[in-house]
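**Student:** Just a sequence and a predicted model for now, questions to come.
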Amino acid sequence: MATTPATPGLYGLLAEFDTPDGVIEAARRARAAGYVKLDGFTPYPLDELIEALRLPRTKLPWLVLAGGLAGCAGGFALQIWTSVVDYPLNIGGRPHLSLVSFIVPAYETTILLAAIAAVFGMIALNGLPLPYHPVFNVPAFSLASSERFFLSVEVADPKFDRDQTRRFLEGLGPVGVYDIAE
C-alpha cells in the first residue's frame, strides 16, 4: 500500500505527547486509521495504552504454569526415586512411598521452577537483553523515562507512507514528530 518507497535507514516515525491521555487517544486513532505496527513508550505502565494498541496477551502465565507443574512432578519424582527405588530404608516399619511426607518438598520445587520460568520467560518474551533500539537515536526520546509519552509507527507497517503518516501523526496534536533512524 505504500505509495512512496521507504527511505533507506528509516525505522519509522515517533510522535511525542505530553499527557498520557494524548498518547492513548493517538493510539486509538492510529489503530482506527489502519496502522498495525505501532508501539508506545511511557514512563510508567498504562493499561489503556496496551488496550488501544491491541497488543497480544502475554504467554508468560502459561510458561509459569508449565514451570510449576514440571517442578511439582520433578519434586515428587525425585523423592519417589530416592526413597522407593534407589535407596529404600525401612525405618520403624513405615512405608517407603509416603506421599504425605513428600508434599512440602514438592511444593517448594513447584515454586522454584515456576519462579525460574517466570524470570527466564519474561526475559525471552521481552526480547531482552536489548541494549539498542532505533528509538534511542531520537534525542527527545530520553524524556520517555521521566515525563513524556511516545507513539511510534514502523516502516514495516503496510499502511506506512512517510509523508502521509507524518501528516496523520501531526494531526493528532503531538508536541513533535521525529524520524527514527536505524
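**Tutor:** Thanks, I have the structure now. Numbering: from 1, shown residues only.

**Student:** what's the distance between the residue nearest the centre of the chain and residue 59?
**Tutor:** Residue closest to the average C-alpha location in the chain (CA atoms, centre = their mean): residue 126, at 4.4 Å. Separation of residue 126 from residue 59 (CB to CB, to the nearest Å) stands at 12 Å. Using the backbone N, CA and C atoms, a C-beta is placed for each residue, glycine as well.

**Student:** what's the answer for residue 32, then?
**Tutor:** Taken as CB to CB, the span from residue 32 to residue 59 is 27 Å.

**Student:** can you pull out the strands in the protein?
**Tutor:** Along the chain, counting by DSSP state E, strands occupy 10-17, 38-41, 149-154, 176-181.

**Student:** residues in contact with the spatially closest residue to residue 19 that is not a sequence neighbour?
**Tutor:** Counting by CB to CB, 6 or more residues apart in numbering, the nearest residue to residue 19 once its immediate chain neighbours are dropped is residue 149, at 7.0 Å. Going by CB atoms under 8 Å, 6 or more residues apart in numbering, residue 149 touches 16, 17, 18, 19, 20, 22, 23, 40, 41, 42, 43, 46.

**Student:** Could you write me a ChimeraX select line covering just the buried ones among these?
**Tutor:** Buried residues among those (16 or more other CB atoms under 10 Å), as a ChimeraX selection:
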select :16,17,20,22,23,40,41,42,46
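
**Student:** Of the contacts of residue 149, which is the nearest to residue 136?
**Tutor:** Of all these, residue 41 has the smallest distance to residue 136: 10.6 Å, by CB to CB.

**Student:** how close does the nearest residue to residue 128 once chain neighbours are set aside sit to residue 61?
**Tutor:** Spatial nearest neighbour of residue 128, chain neighbours left out: residue 122 (8.0 Å); criterion: CB to CB, 6+ apart. Going from residue 122 to residue 61 by CB to CB gives 11 Å.

**Student:** Residue 155 against residue 12, yeah?
**Tutor:** Yes - counting by CB atoms under 8 Å, residue 12 is a contact partner of residue 155 at 5.2 Å.

**Student:** of the two, who's got more company?
**Tutor:** Between residue 155 and residue 12, counted using other CB atoms under 10 Å, residue 12 has the larger neighbour count: 24 against 20.
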